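Participant: structural data only, the sequence is not supplied:
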């Protein structure tokens, strides 16, 4: 049995659907399994056992992991992410899970400039020391996160950032799900670390120019200092301070470590990743 922890999130949901497309049954965990089930398409629901689990409640995890041999672990970034992921791993190992696929992040290093990535490093180290088979996926920026820019573009035709001319790798979460399904169903792929990107990296000037062409109206990029972007996100965007700090750190990582596309996804799946142009066409209605 494959257990999906974080099934209600973007990457967990994408993995659930990718496995269902392959005809693989799963157990999907959520604090609200009825709500999770209500959001699944018929094909995915037919192959999915939904179950209650709370990362803060080890007892619920023990019940949820009963009989499982693989765990797909993805959790939303947040102040308790490290604690919750370590708890989930400990309970999974106690429950007999033999293979853990963890969604991590680029620069998951002890001295990473991104606080969340330092936490991912600690989780990866725990997995490697566990004796279980550990597979790590390291996706870069999600294309779906670009939808957070939609209100500013729809209202004023403006995108704020602190990237300068630096480029970011973007990957569609549906491609992450497809990559995860491969490593969960092909034992020969397990036990490695896989970076995941789209087919090309984009800077904000290039991205806003592309959006402008698709929308047939100007879209302007306003480049701020890191401190200026943080203030903008908190004061005007209403973003929690920890999340605003994370966004700034991610952008500054791309500035100090230039990003370029990687072909790992194509080698895993045998096809090219979804393109930015296709993603924006599909979601253009969000941008006004």
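Facilitator: Yes, it's here. Quick caveat: nothing in here was measured; it's all calculated off a predicted structure. Numbers count the residues shown, from 1 in each chain.
Participant: from here on, contacts and neighbour counts on C-alpha atoms
Facilitator: Fine.
Participant: would you map the strands across the stretch 1-150 of the chain?
Facilitator: 2-5, 26-30, 48-52, 70-73, 99-103, 133-139, 141-142 (DSSP state E, counting those that start in this stretch).
Participant: between the second one and strand 48-52, how big is the angle?
Facilitator: Using axes from the mean of the first three to the mean of the last three CA atoms, to 10 degrees, one finds that strand 26-30 and strand 48-52 are set 30 degrees apart in direction.
Participant: partner strands of strand 26-30 and their direction?
Facilitator: Sheet pairing here is set by DSSP bridges, and for strand 26-30 it gives strand 2-5 (parallel), strand 48-52 (parallel).
Participant: with the fifth one instead?
Facilitator: The strands that strand 99-103 pairs with in its sheet are strand 70-73 (parallel), strand 133-139 (parallel) (by DSSP bridges).
Participant: name the residues of it that come out as buried.
Facilitator: Within strand 99-103, the residues that qualify as buried are 99, 100, 101, 102, 103, counting by 16 or more other CA atoms under 10 Å.
Participant: next: stretch 78-97.
Facilitator: Within stretch 78-97, the residues that count as buried by 16+ other CA under 10 Å are 81-82, 84-93, 95, 97.
Participant: for the strands paired with strand 26-30, which one sits closest to residue 218?
Facilitator: Minimum separation from residue 218 across those (CA to CA) falls at strand 2-5, 41.2 Å.
Participant: what about residue 22, how many residues nearby?
Facilitator: Neighbour count of residue 22, defined by other CA atoms under 10 Å: 12.
Participant: for residue 74, same thing?
Facilitator: Residue 74 has 22 neighbouring residues, counting by other CA under 10 Å.
Participant: same thing with residue 59?
Facilitator: 12.
Participant: got it, and the one 3 residues further on?
Facilitator: Look at residue 62: counted by other CA under 10 Å, it has 16 neighbours.
Participant: give the contact list for it.
Facilitator: Residue 62 makes contacts with 91, 92, 95, as judged by CA atoms under 8 Å, 6 or more residues apart in numbering.
Participant: format these as TSV; extra columns: pLDDT.
Facilitator: Below are these laid out as TSV (pLDDT from 0 to 100):
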residue	pLDDT
91	96
92	96
95	95
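Participant: for those, which one is nearest residue 72?
Facilitator: For the contacts of residue 62, the closest approach to residue 72 (CA to CA) belongs to residue 92, at 10.6 Å.
Participant: roughly how far does that closest one sit from residue 2?
Facilitator: 12 Å (CA to CA, to the nearest Å).
Participant: before we move on, what about residue 18?
Facilitator: 13 Å.
Participant: next one: residue 33
Facilitator: Distance from residue 33 to residue 2, counting by CA to CA: 16 Å.
Participant: if you count surrounding residues, which of those two has more?
Facilitator: The neighbour comparison of residue 33 against residue 2 (other CA under 10 Å) goes to residue 2, with 23 against 17.
Participant: and the more buried one, what is it in contact with?
Facilitator: Per CA under 8 Å, 6+ apart, neighbours of residue 2: 25, 26, 27, 68, 69, 70, 71, 72, 184.
Participant: the residues you listed into a markdown table, with extra columns for neighbour count?
Facilitator: Shown next, in a markdown table, are the contacts of residue 2 (neighbours: other CA atoms under 10 Å):
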| residue | neighbour count |
| --- | --- |
| 25 | 19 |
| 26 | 24 |
| 27 | 21 |
| 68 | 18 |
| 69 | 17 |
| 70 | 22 |
| 71 | 26 |
| 72 | 25 |
| 184 | 23 |
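Participant: residues in contact with the spatially closest residue to residue 209 that is not a sequence neighbour?
Facilitator: Closest residue in space to residue 209, ignoring its immediate chain neighbours: residue 219 at 6.7 Å, by CA to CA, 6 or more residues apart in numbering. Shown in contact with residue 219 (CA under 8 Å, 6+ apart): 153, 157, 158, 159, 208, 209, 211, 212.
Participant: again, only this time at 10 Å
Facilitator: Contacts for residue 219 (CA atoms under 10 Å, 6 or more residues apart in numbering) come out as 152-154, 156-159, 205, 207-213.
Participant: cool, residue 128 as well?
Facilitator: Going by CA under 10 Å, 6+ apart, residue 128 touches 122, 134, 135, 191.
Participant: which stretches of this protein form helices?
Facilitator: Along the chain, counting by DSSP state H, helices occupy 10-21, 33-38, 42-46, 58-64, 81-94, 115-130, 150-156, 173-185, 204-215, 226-231, 241-256, 264-269, 276-282.
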